[in-house]
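**Student:** 3D, please:
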Amino acid sequence: MSEYDALLAELDEIRAAARALTKPSGERPGDSEDASEGGDAAPEITVAMPAYNAAPFIAEAVASVLRQTGVRLELVVVDDGSTDATAEVVASLRDPRIVLIRSDRRRGIAHGHNRALEAARSPFIAHVDADDLILGGALRAMLDAFHAEPGAGQAYCNHYLLYRDARIREDDFRRQRAFLEAQRRDHPDYRRSLLRHGMVTNTLRTYRRDVLELEGPFDEALEFAVDYQMALRIADRHPMILVPRFLYAQRVHGANTQQTMRLRALRSWRQRARICERLVRARGGLLGYGPLGARLLVLAGLPDALGIGGLKGRMRRPGGG
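**Tutor:** Just a heads-up that it's a prediction; the model follows:
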C-alpha cells in the first residue's frame with residue numbers, strides 16, 4: 001500500500017470511529033476494559049481542544065485522539081461559548097477520558113488553552129484543534145521525543161492540509177510532502193524561521209507542562225497568533241523538537257482564492273510583527289538575535305506574505321492555484 005493510500009485508509013478509519021462514537025447506544029471507542037491504556041493510572045499526556053462552533057467536525061477530532069494507542073491520555077475540551085451544538089456533541093461522547101468545560105460566553109482561544117491547562121493532570125500538554133485530526137501513533141511519538149530530549153520545551157511535527165470533508169487528492173498529498181520536506185531541509189534553524197516565516201512549529205504543539213507554568217499563561221489579550229507568541233517565548237529559553245513525521249491533518253475552510261490567501265498571510269504577518277516587537281522591547285532581543293537583527297528577520301518575511309518571495313514551490317491549499 002502506498003503512503004497516500006495508507007493515509008486515505010486511516011482517514012476512513014477515523015470517520016468510522018467518529019460514527020461509532022456518536023451512536024446513541026452500543027459499544028463505543030473507549031468502552032472496552034483496556035481503552036484508557038492503564039485504567040485509573042494518571043495520564044501521561046493531556047490533549048487540550050478549545051472549540052467554538054465546531055459541531056460538524058468535533059466528533060472526528062475527538063475520535064482521532066481517543067484511538068491513539070500505547071499512551072495514557074486525557075482529552076480536555078473547552079467549549080468557548082459556542083452557539084451551535086458543539087458542547088452537546090461532546091457531552092454525548094461517553095468516554096471517561098473526556099473532560100468537557102463550558103464557557104458562558106466567547107472568551108477566545110487563549111482562555112481555552114489556559115482553562116485546559118488548569119484542568120490537566122499530566123506533565124505534557126498537546127494542542128489539537130477541534131476541526132483537525134491526529135494520525136496513529138502521534139501522541140506516543142511526541143512523548144518519545146521529549147523523553148529523548150528532556151530539556152526541550154515544545155515539540156511539533158509535519159502535517160497535511162485536508163479539504164473541509166477531511167479528504168485529500170493525491171497531487172495535493174505529494175506536493176505538500178515535497179514542500180514541507182524542502183522547508184525543513186532548507187530552514188533547519190527554527191528560531192530564524194519563527195521570526196521570518198511564522199508558524200513553523202504550529203502543528204500538534206506539545207509542551208512540557210512545567211515550561212508552560214514557567215512562561216506564564218497564554219496571552220488572552222491576543223485575538224489570534226496566540227500559539228505563535230507562546231512559541232517565541234518558549235524558543236527564547238528552551239530547545240524545540242521537530243518530530244519529522246506527518247502526524248497531523250489540518251482542515252482548510254472557506255475560500256482559497258489567491259487574493260484571499262494573500263490577505264490572510266498579510267494579516268498574519270502584521271500580527272506576528274506586533275508580537276515580535278513587544279517581545280523584543282521587553283527582552284532586549286529575541287531568539288538569540290539583538291533588537292535590530294530580530295526586526296530585520298521579521299521584515300524579511302513581508303515579501304513572503306505578499307507572495308513575492310520565499311521558498312520555491314510554496315505549499316498551496318488543497319486544490320489551490
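
**Student:** Any idea how many residues pack against residue 175?
**Tutor:** The number of residues packed near residue 175 is 18, by other CB atoms under 10 Å. (Glycine included, C-beta is placed from N, CA and C.)

**Student:** same question but for residue 126, I mixed them up
**Tutor:** Around residue 126 there are 24 residues (other CB under 10 Å).

**Student:** do residue 105 as well
**Tutor:** 6.

**Student:** Tell me, how many residues neighbour residue 194?
**Tutor:** For residue 194, the count of nearby residues is 26 (other CB under 10 Å).

**Student:** pretty sure it contacts residue 201?
**Tutor:** Yes - applying CB atoms under 8 Å as the test, residue 194 and residue 201 come out as touching, 6.7 Å apart.

**Student:** Can you pull the residues that touch both of these two?
**Tutor:** Listed as contacting both residue 194 and residue 201 by CB atoms under 8 Å, 6 or more residues apart in numbering are 231, 235.

**Student:** who's in contact with the helix or strand residue 5 falls within?
**Tutor:** According to DSSP states H and E, residue 5 maps onto helix 3-21. Contacts to helix 3-21, defined as CB under 8 Å, 6+ apart, come from residues 1, 26-30, 59-60, 62-64, 66-67, 93, 95, 133, 135-136, 160, 162, 166-168, 170, 173-174, 177, 246, 249.

**Student:** let's go with 6 Å and repeat that
**Tutor:** Applying CB atoms under 6 Å, 6 or more residues apart in numbering, the contact partners of helix 3-21 are 28-29, 59-60, 63-64, 67, 93, 133, 135, 166, 170, 173.

**Student:** What helices and strands are in contact with the helix or strand where residue 280 lies?
**Tutor:** Residue 280 belongs to helix 258-283 when assigned by DSSP H and E. Counting contacts by 3 or more CB pairs under 6 Å, 6 or more residues apart in numbering; DSSP states H and E, helix 258-283 is packed against helix 291-300, helix 302-305.

**Student:** weakest of the ones you listed in terms of mean pLDDT?
**Tutor:** Of all these, helix 302-305 carries the lowest average pLDDT, namely a mean of 85.

**Student:** Buried ones in that helix, by neighbour count?
**Tutor:** In terms of neighbour count (16 or more other CB atoms under 10 Å), helix 302-305 has its buried residues at 302, 304, 305.

**Student:** Same check on stretch 53-62?
**Tutor:** Within stretch 53-62, the residues scored as buried using 16+ other CB under 10 Å are 53, 54, 55, 57, 58, 59, 60, 61, 62.

**Student:** These into TSV, with extra columns for secondary structure?
**Tutor:** Shown next, in TSV, are those (DSSP: H, G, I helix; E, B strand; the rest coil):
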residue	secondary structure
53	coil
54	coil
55	coil
57	coil
58	helix
59	helix
60	helix
61	helix
62	helix
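
**Student:** From those residues, pick the one nearest residue 221.
**Tutor:** Ranked by distance to residue 221 (CB to CB), the buried residues of stretch 53-62 are led by residue 53 at 22.1 Å.

**Student:** per-residue confidence for that closest one?
**Tutor:** pLDDT for residue 53: 96.

**Student:** Over to residue 204?
**Tutor:** In this model, residue 204 carries a pLDDT of 94.

**Student:** Grab the nearest non-local neighbour of it.
**Tutor:** Leaving aside its chain neighbours, residue 204 sits nearest to residue 248 (4.4 Å; criterion: CB to CB, 6 or more residues apart in numbering).

**Student:** contacting residues around that neighbour?
**Tutor:** Residue 248 makes contact with 134, 157, 159, 203, 204, according to CB under 6 Å, 6+ apart.

**Student:** One more: residue 101?
**Tutor:** Contact partners of residue 101, counting by CB under 6 Å, 6+ apart, are 78, 115.

**Student:** Mind listing the strands the one helix or strand it maps to pairs with, and their directions?
**Tutor:** Assigned by DSSP H and E, residue 101 belongs to strand 98-102. Applying DSSP bridges, strand 98-102 is found paired with strand 73-79 (parallel).

**Student:** so after the strand it pairs with, what's the next helix or strand?
**Tutor:** Of the helices and strands lying after strand 73-79 in sequence (DSSP H and E), the nearest is helix 86-91.

**Student:** helices or strands up against that following helix?
**Tutor:** Using 3+ CB pairs under 6 Å, 6+ apart, helix 86-91 sits against helix 58-66, strand 73-79, strand 98-102.

**Student:** if we can go back for a sec, let me have the buried residues of helix 302-305 in a markdown table, adding distance to residue 265 as columns.
**Tutor:** Output for the buried residues of helix 302-305, formatted as a markdown table (distance: CB to CB, whole Å):
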| residue | distance to residue 265 |
| --- | --- |
| 302 | 10 |
| 304 | 8 |
| 305 | 4 |
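
**Student:** what's the closest of those to residue 88?
**Tutor:** The closest of the buried residues of helix 302-305, once distances to residue 88 are taken by CB to CB, is residue 305, at 38.8 Å.

**Student:** you'd agree the closest one is up against residue 266?
**Tutor:** Yes - with contact defined as CB atoms under 6 Å, residue 305 and residue 266 form a contacting pair (5.0 Å).
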